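1. A predicted structure for the sequence below; I have some questions about it.
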Amino acid sequence: MELELRHLRIMCAIAELGSITKAANTLGMAQPALTAQLKRIERTLGGKLFLRDHTGTRPTALGLLVLDRAKMVLPAVSSLHDEAARLAQHAGTGEPVTLRLGSATGPMLGALLQRLGTTHPDIHVATHTSWSANKLADMTAEGALDFAFVGVCGDAGPPPEPGLRWRTLAHHPVFVLMSARDERAQQNEVELGALADERWCATPGDGCFGDCFASACARSGFTPRSLYETDVLTCIEMVESGHAVVLCQPLFHEIPGIVAVPIAGNPLSWRNLVGWSERGEMGPFAAEMIALSRAVYGELIDRRPTYSKYLELNPGYGVDYTDAGVG
């Protein structure tokens, strides 16, 4: 006899109720039939699964092992049934059953997940985050991701991965995060050259941003003392302590004691892109994903009054509603 799912359910019922008689009643079986079935399961597994005494029925060491596995297998099978039913229900509707999203774009992903949960509650969404736009592009081309959300510097092209299509979602100037204690943070903008003596921080990336930053500094007449690449929390700590200033997108969530200040002349900018495989199955859903993503960027901008006011004076930035592809 081979072990089946119904055998695992029998064991779980016995363990939960602590009684073969109670388990038989719950399962709608005669107690002798359940006892006989349990003996067949024990012969298959090679040992006793339960001990019976005056306190009831309790699992043996072998029984505990099997029950631990059953607690993983049974929910997984139930989930598989649910996913299969949803797939059958959605077949032909053009709406995917699952979405695998990769992101390196900061606050956008959380807002997009909320929007997808509202507009497409039946879609199961899995996420993967990485600082590397090239890695996310590779995963999308290989079919491990359905959509990749990445950022590129200025007018740079998308990651050079063949077989991907890209759309621009938004275009932002690069701001600088400064301690609110710094009097320059109270200005409407700060000259890049005025920050020549500062230490600098930025989150990691594999594009040309570091080179573009160095070039912008050279045009302003200085060479930056340093550019630390580190995680977001460390960047915030460095700014709060006044030890460094941080290059950031203007969608950065406002934090007490820290101010995002525009850099005069906008010497650096950042474009947010979404990419998907030309050979994948998500082509029909790409237009929907682009529209949802642009709407999310619009909402994020609306939540940042300082940046919203900035865009009134600088209309070339913000959400990009053009349909032209890149790369």
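-> Sure, I can see it.
2. Quick one: low-confidence residue ranges for this protein.
-> Low-confidence segments of the chain (pLDDT under 70): 83-95, 105, 324-327.
3. On the strand side of things, show who the residue sitting nearest the centre point of it bridges to.
-> Residue closest to the average C-alpha location in the chain (Cα atoms, centre = their mean): residue 127, at 3.9 Å. Counting by DSSP bridges, residue 127 forms beta bridges with residue 101.
4. how close does it sit to residue 103?
-> 7 Å (Cβ to Cβ, to the nearest Å). Where you see a C-beta, it was placed from the backbone N, CA and C, and this is true even at glycine.
5. shared neighbours of the two, which are they?
-> residue 109 (Cβ atoms under 8 Å, 6 or more residues apart in numbering).
6. How is the residue nearest to residue 302 when sequence neighbours are not counted assigned, secondary-structure-wise?
-> Distances taken as Cβ to Cβ, 6 or more residues apart in numbering place residue 308 nearest to residue 302, at 6.4 Å, with adjacent residues excluded. Put simply, residue 308 is helix when judged by DSSP: H, G, I helix; E, B strand; the rest coil.
7. Could you report the neighbour count for residue 308?
-> The number of residues packed near residue 308 is 13, by other Cβ atoms under 10 Å.
8. in terms of contact, does it touch residue 299 like I think?
-> No - taking contacts as Cβ atoms under 8 Å, residue 308 lies outside contact range of residue 299: 11.3 Å.
9. mind listing the strands for the stretch 51-200 of the chain?
-> Taking DSSP state E, counting those that start in this stretch, the strands of the stretch 51-200 of the chain run over residues 56-59, 98-103, 124-129, 147-153, 164-173, 175-179, 200-202.
10. Might you report the residue contacts of residue 138?
-> 159, 161 are the contacts of residue 138 under Cβ under 8 Å, 6+ apart.
11. Packed most tightly, which of the strands of the stretch 51-200 of the chain would that be?
-> Neighbour counts (mean count of other Cβ atoms under 10 Å) averaged over each of the strands of the stretch 51-200 of the chain peak at strand 147-153, with a mean of 24.
12. who are the neighbours of that one, in terms of helices and strands?
-> strand 98-103, helix 108-119, helix 133-141, strand 269-277, helix 283-302 (3 or more Cβ pairs under 8 Å, 6 or more residues apart in numbering; DSSP states H and E).
13. Check what contacts the shortest one and list those residues.
-> Just to be clear, that refers to strand 98-103. Contacts for strand 98-103 (Cβ under 8 Å, 6+ apart): 83, 109, 112, 116, 123-130, 136, 139-140, 144-150, 282.
14. what angle separates it from helix 133-141?
-> Counting by axes from the mean of the first three to the mean of the last three Cα atoms, to 10 degrees, strand 98-103 lies at 160 degrees to helix 133-141.
15. chain center to stretch 189-208: distance?
-> 27 Å (Cα atoms, centre = their mean, to the nearest Å).
16. Start at 18, not 1
-> Happy to do that; since the first residue is 18 now, the last one works out to stretch 206-225.
17. Can I get it as PDB, trimmed to CA atoms?
-> Taking C-alpha atoms only, stretch 206-225 is exported to PDB below (Å, rounded to 0.1, in the frame of the first residue of the first chain):
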ATOM      1  CA  GLU A 206      17.200  74.600  -3.800                       C
ATOM      2  CA  VAL A 207      20.900  74.100  -3.100                       C
ATOM      3  CA  GLU A 208      23.800  74.500  -5.500                       C
ATOM      4  CA  LEU A 209      25.700  71.300  -6.000                       C
ATOM      5  CA  GLY A 210      29.000  73.200  -5.500                       C
ATOM      6  CA  ALA A 211      27.800  74.300  -2.100                       C
ATOM      7  CA  LEU A 212      28.000  70.700  -1.000                       C
ATOM      8  CA  ALA A 213      31.600  70.200  -2.200                       C
ATOM      9  CA  ASP A 214      32.900  69.400   1.400                       C
ATOM     10  CA  GLU A 215      30.200  66.900   2.200                       C
ATOM     11  CA  ARG A 216      30.400  63.200   2.400                       C
ATOM     12  CA  TRP A 217      27.800  61.500   0.100                       C
ATOM     13  CA  CYS A 218      25.700  58.400   0.300                       C
ATOM     14  CA  ALA A 219      23.500  56.500  -2.100                       C
ATOM     15  CA  THR A 220      21.800  53.200  -2.300                       C
ATOM     16  CA  PRO A 221      23.600  50.600  -4.600                       C
ATOM     17  CA  GLY A 222      23.000  50.200  -8.300                       C
ATOM     18  CA  ASP A 223      24.700  48.800 -11.300                       C
ATOM     19  CA  GLY A 224      24.000  51.600 -13.900                       C
ATOM     20  CA  CYS A 225      26.000  54.700 -14.700                       C
END
